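> sharing a model that was predicted from the sequence below.
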Amino acid sequence: RLADGGRIVLAPGDYDLTQESVATTDCGIGFTLTGPDDRSANLRGDLKVRKGQVWASVTYIAESQLSILPNGVVSNMTIRGGAKPVQFQGRMLGCLLTGMTGPTAILAMHEQGVQYELRDTVITNCRFSADCIAQPGRAEYARGPIVLGDYDACSDHDIGKKKIALSLVGCSVIDNVTETPASLPPGYTLFLIGGVFTTTVPYNGSVVAASRCRFVNNVGRSGVARLDGYQMNTTLHATNCLFVANRSSEDGQPLIWGWANLVNCTFSSNEVNGTGIVLAKGALMGEDKTCRIKNCVFSGNSTLAWAGQGGAIYLNSAAALVTHCVFTGNCSANTDVNNGGNAIGMESGNVRNCLFVGNGDRSRSPGKCGTVYMTGGTIENCTFANNEDGKCAGVSVNSANATVRNCVFYGANCPNAASELGKIMNDTTKAARFSNCCAPVEINSTCIVAAEPFVDAAHGDYRLQRGSPLIDAGGSRQDWMGNGRK
């Protein structure tokens with residue numbers, strides 16, 4: 001019998017946990033079980049890692065059920081194959097999950113007051129194609145590398161007070177495929193679902209915090225993360241994360257949908273067959289939810305749907321703010337001449353102090369979608385340089401509710417534009433929506449006409465030339481780089 005704080009050391013070999021009482025009994029003590037450094041101790045059978053227990057340096061064959069209960073820890077563990085997801089309520093440190101075939105690799109179960117942590121853990125080469133996880137009271141389903149929520153098709157839990165705080169630090173989600181079920185209504189092929197649908201209490205206020213994580217080359221109907229503001233009141237906080245070459249298929253939900261605060265993140269070469277790589281939505285029960293995207297880089301992303309809006313971001317929340325971001329090489333491959341936005345599509349929200357360079361592809365976006373397509377919201381203190389489109393490579397203003405001020409436009413490449421002014425705006429009758437801007441052609445009496453104002457645009461230096469009439473002329477106290485103005 002183990003004493004509290006005892007230690008078990010396994011030799012290489014195969015272990016059937018159905019025969020090991022230490023794996024099945026709630027002995028009420030904490031202990032550490034460890035295997036060889038090469039993880040050559042292979043475990044099979046149901047395993048519950050309980051409070052105070054640490055299981056380390058072993059390989060678990062996921063043919064049975066692995067449950068990490070509150071305050072239980074697995075460390076340096078390989079979890080391989082099988083259709084049983086890990087039921088997760090504790091901590092996973094330095095683990096590898098590979099070859100999983102169930103609806104998810106990790107099912108983060110609700111437990112009031114529990115901190116969930118995934119640190120330096122990798123989920124890779126999984127194909128999520130088994131039965132989906134049904135959501136109580138709804139004809140919707142969940143699949144993907146991580147599913148957040150206590151999904152149980154046989155009951156309807158009142159989870160309104162059960163808030164999950166899930167932390168991902170230094171994790172990688174790479175080369176996974178989430179399949180859409182042929183026999184079920186179109187499901188959510190997601191990385192994260194931020195909470196639980198119930199018939200009575202759909203909002204649980206959970207938070208997912210990701211830091212220094214990588215999401216690379218994953219394929220699914222809804223890309224990487226769905227945090228549905230209309231249903232779950234859940235927020236994603238992502239800092240210093242990398243999103244590269246992820247793709248959403250079929251009707252193509254965005255990579256990130258919902259309420260997100262993104263800081264110092266990079267989005268590169270992602271594809272969505274729909275609207276936006278990041279979709280910032282608001283209007284939960286008539287309320288706008290704050291969304292902040294700051295110091296991020298969006299490069300080479302594209303939306304492929306016929307009416308896709310926003311090659312990088314689609315804003316639909318008056319409280320949303322995109323600031324000090326760089327957009328380059330993004331494209332909305334949009335054949336609808338009345339929609340688009342090669343970098344951003346926006347119905348509301350605010351874009352400030354951003355740089356837009358080389359967005360658009362006139363062979364793929366022949367219409368008048370603009371680098372930014374606006375039916376509302378405000379753009380200010382931004383620089384637009386060397387973007388292209390069929391007819392308009394500046395800001396496509398399509399409503400009197402849209403405002404553009406203190407912006408610089410230069411080098412629009414639009415072979416089918418009706419005029420030089422048309423390269424900057426799709427509808428020249430909306431010129432009054434622009435104020436205190438600069439362009440090579442006159443916009444209106446509040447704006448400045450100037451040739452190329454940059455130090456060296458050909459080599460990526462978009463600072464203003466010495467002596468430029470634009471220096472300190474804007475209404476903002478900062479330029480797009482965050483430098484203070486006089």
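Here it is on my side, so go on.

> need phi/psi at Leu421.
Backbone geometry at Leu421, expressed as degrees, to the nearest 10, gives phi -70, psi -30.

> would you agree it is in contact with Val441?
Yes - if you go by C-beta atoms under 8 Å, Leu421 and Val441 touch, sitting 5.3 Å apart. C-beta here means a position set from N, CA and C on the backbone, and glycine is covered the same way.

> neighbour count winner among these two?
The neighbour count for Leu421 versus Val441, taken as other C-beta atoms under 10 Å, is higher for Leu421 (18 against 14).

> how about Ala450: what's its closest non-neighbour residue?
Cys438 (5.5 Å; C-beta to C-beta, 6 or more residues apart in numbering).

> pull the number of nearby residues for that neighbour.
Neighbourhood size, Cys438 [other C-beta under 10 Å]: 22.

> just the one 10 residues further on next, same as before
Taking other C-beta under 10 Å as the criterion, the count of residues near Ile448 is 16.

> what sits against it?
Cys437, Cys438, Ala439, Pro469, Leu470, Ala473 (C-beta atoms under 8 Å, 6 or more residues apart in numbering).

> Thr266 contacts Ala238, doesn't it?
No - counting by C-beta under 8 Å, Thr266 stays clear of Ala238, with 10.7 Å between them.

> more neighbours, these two?
Counted by other C-beta under 10 Å, Thr266 and Ala238 do not tie: Ala238 has more neighbours, with 25 against 15.

> nearest spatial neighbour of the more buried one, skipping sequence neighbours?
Spatial nearest neighbour of Ala238, excluding adjacent residues (C-beta to C-beta, 6+ apart): Ala210 at 4.6 Å.

> who's in contact with the one you found?
Ser167, Leu168, Val169, Cys171, Leu236, His237, Ala238, Thr239, Cys241.

> residues making contact with stretch 419-437?
368, 370, 391-398, 400, 402-409, 412-414, 417-418, 439-444, 446-448, 473-475.

> and that stretch, which residues are buried?
Buried residues in stretch 419-437, counting neighbours by 16 or more other C-beta atoms under 10 Å, are found at 421-426, 430-431, 433-437.

> could you dump that stretch to PDB, C-alpha only?
Taking C-alpha atoms only, stretch 419-437 is exported to PDB below (Å, rounded to 0.1, in the frame of the first residue of the first chain):
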ATOM      1  CA  SER A 419     -11.000  57.300 -62.700                       C
ATOM      2  CA  GLU A 420      -7.900  58.000 -60.500                       C
ATOM      3  CA  LEU A 421     -10.300  58.900 -57.600                       C
ATOM      4  CA  GLY A 422     -12.100  55.600 -58.300                       C
ATOM      5  CA  LYS A 423      -9.000  53.700 -57.400                       C
ATOM      6  CA  ILE A 424      -9.300  55.000 -53.900                       C
ATOM      7  CA  MET A 425     -13.000  54.700 -53.400                       C
ATOM      8  CA  ASN A 426     -15.500  52.700 -55.400                       C
ATOM      9  CA  ASP A 427     -18.200  55.300 -55.300                       C
ATOM     10  CA  THR A 428     -16.900  58.900 -55.800                       C
ATOM     11  CA  THR A 429     -20.200  60.200 -54.500                       C
ATOM     12  CA  LYS A 430     -19.100  59.000 -51.100                       C
ATOM     13  CA  ALA A 431     -16.100  61.400 -51.000                       C
ATOM     14  CA  ALA A 432     -17.600  63.300 -48.100                       C
ATOM     15  CA  ARG A 433     -17.100  60.200 -45.900                       C
ATOM     16  CA  PHE A 434     -13.300  60.900 -46.200                       C
ATOM     17  CA  SER A 435     -11.700  63.700 -44.100                       C
ATOM     18  CA  ASN A 436      -8.100  64.900 -43.600                       C
ATOM     19  CA  CYS A 437      -6.700  62.200 -45.900                       C
END
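
> quick one: contacts for Cys265?
Cys265 neighbours (C-beta under 8 Å, 6+ apart): Ala238, Thr239, Asn240, Cys241, Leu242, Phe243, Cys296, Val297.
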